[in-house]
Every structure is written in structure tokens, then in C-alpha cells.
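Chemist: Quick one, fold the following:
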Amino acid sequence: MLIKKIIITSVTVMILFLGLQVHSKTIKPVIKSQSHKQINQTENWGIDVSYPKITSKNTKNTNDFNRRAKKIVMDEVHNFEKMFLEEDVDKSSAPYDLIIGYEITFLSQDLVSVLFIESSYSGGAHGNKETYTLNYDLQKGKVLALENLFKKNTNFVEIISKESIAQILKKQGYDNPAKEWVKEGAGQHIKNFTKWNITSIGLQFTFDPYQVASYAEGDFQTEVLYQKFSPKIQSPYFSIIKK
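Modeler: Here you go, the predicted structure:
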């Protein structure tokens, strides 16, 4: 009877241990926001930026992601500061500023996708807006390119272009006289889709001002659902994203 109890107890402990092991593998990394702020009253400018920092058990790869995320933002900070050192800036103009925030569009134990959103004013009739993206494989420790998500020599750019043009023209109005601008800025060339993000339902593409429309019309985003891509052209990353 005692042996039976010991066996039952041992099996129970083993099941709990294995359950904890499986659970630990599916825990999402923790992201905390890091910030950097500066005010220069003499030069009449200010900086307010933030970037994500991941904490997880895979310290080597998360440290690499953290370094890359910080570098994207701090490079813009350094460029902004450099402008006041190298250029004759009109200090009587409106206050100059640099603001950068971010959005985590996808996060799992395998992948993280970040959209950085920058707005700034450095003189002129209006400010500027620009975006940057970082899609990172936390298991392999590498930055993902869009083509990594698809098999070689497939028509994924054609699909993305077709869907994006249709969505942008729908937002603008099909009678928009600048259709050719859209067709060029979202045409079938991979260089038009460098600002992309993973989401839970599809791939998101951001088009900064002037890429597909005038500054006054702002930026545009499109989302191409995963179901639009045939399984025949999908790389194994699709199964990782959708699991």
C-alpha cells in the first residue's frame, strides 16, 4: 500500500513538473518602456523618446534585440542634436522637438514586432513624421526581412502590392486624381514595403507621408490578412506566428 502511494505521488509530481516546463516555454517575454528626455532652453529644443526593453530567460537574444531597439531611437536623437551643432538654426522659430514612441504589434516567446513612430519639427511650414520597424526572431537571435516569411521565387510582393493599393485607394476615394502616386509608392517592388509589422491577423504595412500621397493626406497603413497568402508560398514562420 505504501509503495502504491509513493508511485502515485511520484507520477503526480512528474506531471506537475512537466506541466510547469511546458507552461514556462509559452510565457511571453516581459517588455518595459525605456525613455530619454532632454530640454535645451538656450537652443529652444526638446526631446522625448521611448523604446522597448525585453526581459526573458533567453538573455543573449533579448540583449541583442534591446540593443537594436535602443539604437534605432538613439540614432535619431543624435541626428537631431547634430543638426543644432552643424546648422545655423533660427532660434526665434517655434520650439523644435523630437518625439518618438512605439507600438508592439506582435509578441510571443518566438517573435516580437515593433513599430516606432517619430514626429519632429525642425523648421519649415510643418513638422515631419516617419516610422521605423523592427521584426525580430527571439529564438534565432536575428532581424527578420520580409522575404524570410515566404518561400523563394514566389509572388508575395505582387499580393501585398495589389491588396495595399486597393486599401489605400478605398481610403482616398477611387476618383482621387493622384492614383498614379499610389500605384508607384505601393507598386510591385519590395523596396516599397520595408516598413512592415507582424500582427495577430496579418502583415501590416506603413506608408509615410509622400510615399503614396501628399503630406496633407498623412500616412497610410494597410493590413494583408494571412489567408491572402497561399500555404504554398508561406515559409515556416507562418506556423510560428499563428500558433
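Chemist: tell me the domain boundaries of the protein?
Modeler: Listed by automatic domain parsing, the domain ranges of the chain are 29-144, 147-242.
Chemist: Compare the mean pLDDT across these and name the weakest.
Modeler: Here the lowest mean pLDDT among the domains of the chain goes to domain 29-144, at a mean of 90.
Chemist: tell me how far that one is from the chain's mean position?
Modeler: Offset of domain 29-144 from its chain centre (C-alpha atoms, centre = their mean, to the nearest Å): 12 Å.
Chemist: ok, and the closest non-adjacent residue to L203?
Modeler: Distances taken as C-beta to C-beta, 6 or more residues apart in numbering place V224 nearest to L203, at 5.0 Å, with adjacent residues excluded. All C-beta atoms are positioned from the backbone trio N, CA, C, and that covers glycine.
Chemist: what comes up buried for the host helix or strand of that neighbour?
Modeler: Using DSSP states H and E, the secondary-structure element containing V224 is strand 220-225. Neighbour counts over strand 220-225 (16 or more other C-beta atoms under 10 Å) mark 220-222, 224 as buried.
Chemist: hmm, which two among those residues are most spread apart?
Modeler: By the measure C-beta to C-beta, those have their two most distant members at F220 and V224, which lie 13.4 Å apart.
Chemist: which other helices and strands contact the host helix or strand of G46?
Modeler: Using DSSP H and E, G46 sits in strand 45-55. Using 3 or more C-beta pairs under 8 Å, 6 or more residues apart in numbering; DSSP states H and E as the contact definition, the elements that strand 45-55 packs against are strand 30-40, helix 59-86, strand 96-107, strand 111-121.
Chemist: can I get the CA coordinates of it in CSV?
Modeler: Presented in CSV, the C-alpha positions along strand 45-55 are these (Å, rounded to 0.1, in the frame of the first residue of the first chain):
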residue,chain,number,x,y,z
TRP,A,45,14.5,72.4,-28.4
GLY,A,46,13.3,69.4,-26.6
ILE,A,47,13.5,65.6,-26.9
ASP,A,48,11.1,63.0,-25.6
VAL,A,49,11.6,59.4,-26.9
SER,A,50,10.9,55.9,-25.7
TYR,A,51,11.9,52.4,-26.8
PRO,A,52,11.1,48.9,-25.6
LYS,A,53,13.3,46.7,-23.4
ILE,A,54,12.6,42.9,-23.2
THR,A,55,13.3,40.7,-20.2
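Chemist: Verify the contact between D48 and K37 for me.
Modeler: Yes: D48 is in contact with K37 according to C-beta atoms under 8 Å; the separation is 5.1 Å.
Chemist: which of these two has more neighbours?
Modeler: When neighbours are counted by other C-beta atoms under 10 Å, D48 comes out ahead of the other of D48 and K37, with 14 against 9.
Chemist: Now do the more buried one against D175, distance only.
Modeler: In this structure, D48 and D175 are separated by 40 Å, where distance is defined by C-beta to C-beta, to the nearest Å.
Chemist: ok, now Y51?
Modeler: Relative to D175, and taking C-beta to C-beta, Y51 is found at 41 Å.
Chemist: who has more neighbours, those two?
Modeler: With neighbours defined as other C-beta under 10 Å, Y51 and D175 compare such that Y51 has more, 22 against 7.
Chemist: who's in contact with the more buried one?
Modeler: Shown here is Y51, whose contacts under the criterion C-beta atoms under 8 Å, 6 or more residues apart in numbering are 33-34, 69-70, 72-74, 100, 102, 116.
Chemist: Once you drop chain neighbours, what's closest to it?
Modeler: Y51's closest residue in space is V73 (C-beta to C-beta, 6+ apart), at 4.3 Å.
Chemist: pretty sure that neighbour contacts V49?
Modeler: Yes: using C-beta under 8 Å, V73 and V49 qualify as a contacting pair, with a distance of 5.1 Å.
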